[in-house]
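what shape does this take:
(one chain, ligands or ions: 1)
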Amino acid sequence: MVVSIHRPTKAIIDLKAIKENVENEVARLPKATDLFAVVKANGYGHGAIETATAALEGGASGFCVATVDEGIELREAGFSEPILVLGIVSVADIGLLSYYNLSFPVSTNEWLQEAAAFLQKNPVTNPLKVHLKVDTGMGRIGFISNEELLSAVKWLQEQSLFTWEGVFTHFATADQADDTYWQEQNQRFQTALACLPELPRYVHAGNSATALWHAEAVGNMVRYGIAMYGLNPSGTALPETYPLKPALSLVSELVQVKLLEKGAGIGYGETYITPQAEWIGTVPIGYADGWLRKMQGFSLLVAGEYCEIVGRVCMDQLMIRLPRSFPAGTKVTLIGEDNGQCITMQKVAEQLETIHYEVACTLSARVPREYK
Ligand code: PLP
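Okay, here's the model as predicted:
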């Protein structure tokens, strides 16, 4: 998708905010605990390379990505710090993992056996860095039985094809006020660790929510994602441990303003009919940009005043009801602050009945990212 720079719609990313969020977390962590910045999915929509750079400046010492390709993107941009791929990798990509020095998770002994067979025919030069994943209750990836985990460890210790670099788990409810299930998962992880003859370089259990609200249980590395972008992992369920600075704002401009007579239909399906003569403004953003149809009825800031989206959101444009005439070119804020008012990503998420993670990731590649 081509980035549409010839229209006034853009996401503005405050890299200083990302740096500060990381700095604040690093300052809270015990000295021997690393912070890996999670920059998967294009840095949660904020831009992988730029946010990775800001995170390094803030004190991150490594990165997490979701896919091999995302790891390669960072290496090709020149990052030399440790990079952990979080998703299951294919045995067929072992050559890439070695060449690009990407650490990766292993969840089954079968994977290790297949990899060993593959390596006999396709030897690699750099060591393959394995993080054993323990499924303590997320039900996604990871060893379920401690016996199997232990046999993977023993196997890894006996051969030289792989370096056993880490062991980790992922919590399903670290962002909830009720920590019963979190405690169960943590107990299972502690039991799994206790079965092991030794521990590897990295033992890690913390996403942002764990780091913020269960700091005692993160191990010696934190996988810091959403909070680095300034968003409260819990939405509104738990208070922020320290103020997080949202990094992304989304802005556009009015491209046309017109006075419509009473009874005029607005947008596809004529779902809004002006109840009286009304000023209607058109904003060049739509669902192809990630501003979804469910945003109908939400209010945007026009020069700091709230104005409701009326009629259906189109693919590339939407219409808002204005209290009076505004000149074309007037600033419209979809996410962020204007004149003392603020639309948070959390508010957008509530309108969409989702989480702000999804709002950030849904902003499409068509929207230019401008960095300040
Ligand atoms: N660790 C793993 C395994 C993840 O899947 C994720 C995100 O999905 C993270 C860490 C980062 O989580 P958060 O963005 O909540 O900090």
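
tell me, what's the model's pLDDT at Met315?
pLDDT, Met315: 98.

ok, it touching Ile285?
No. If you go by C-beta atoms under 8 Å, Met315 and Ile285 don't touch, sitting 10.0 Å apart. In this view, the C-beta of every residue, glycine as well, is placed from N, C-alpha and C.

with neighbour numbers in mind, choose between those two.
Per other C-beta atoms under 10 Å, whichever of Met315 and Ile285 has more neighbours is Ile285, with 27 against 11.

from the ligand, how far off is the more buried one?
25 Å (C-beta to the nearest ligand atom, to the nearest Å).

surely that residue and Ala11 touch.
No. Between Ile285 and Ala11 there is no contact under C-beta under 8 Å: 10.5 Å.

check what pLDDT Glu358 gets.
For Glu358, the predicted pLDDT is 98.

got the contact list for Met167?
No Met there; residue 167 is Val. Counting by C-beta atoms under 8 Å, 6 or more residues apart in numbering, Val167 makes contact with His131, Leu132, Val134, Ala192, Leu193, Leu196, Leu199, Pro200, Tyr202, Val203, His204.

leaving out chain neighbours, which residue sits closest to the second one?
So that's Leu132. Setting aside the residues directly before and after it, Leu132 is nearest to Val167 in space (C-beta to C-beta, 6 or more residues apart in numbering), at 4.8 Å.

and whatever helix or strand that neighbour lives in, which strands flank it?
Using DSSP states H and E, the element containing Val167 is strand 162-168. Strand 162-168 has the following strand partners under DSSP bridges: strand 128-133 (parallel), strand 202-206 (parallel).

for the closest residue to the ligand within the stretch 151-300 of the chain, what are its contacts?
Using C-beta to the nearest ligand atom, the closest approach of the stretch 151-300 of the chain to the ligand is made by Gly225 at 2.3 Å. Residues near Gly225 by C-beta under 8 Å, 6+ apart: Ala37, Val38, Lys40, Tyr44, Cys64, Asn207, Ser208.

which one of these sits in the busiest neighbourhood?
Result: Ala37 is most packed of these (other C-beta under 10 Å), 31 neighbours.

give me the common contacts of Ile285 and Ala11.
Joint contacts of Ile285 and Ala11 (C-beta under 8 Å, 6+ apart) are Leu250, Val367.

name the helices or strands packed onto whichever helix in the chain runs longest?
For the chain, the longest helix by residue count, based on DSSP state H, is helix 180-195. Secondary structure elements in contact with helix 180-195, counted by 3 or more C-beta pairs under 8 Å, 6 or more residues apart in numbering; DSSP states H and E, are helix 146-158, strand 202-206.
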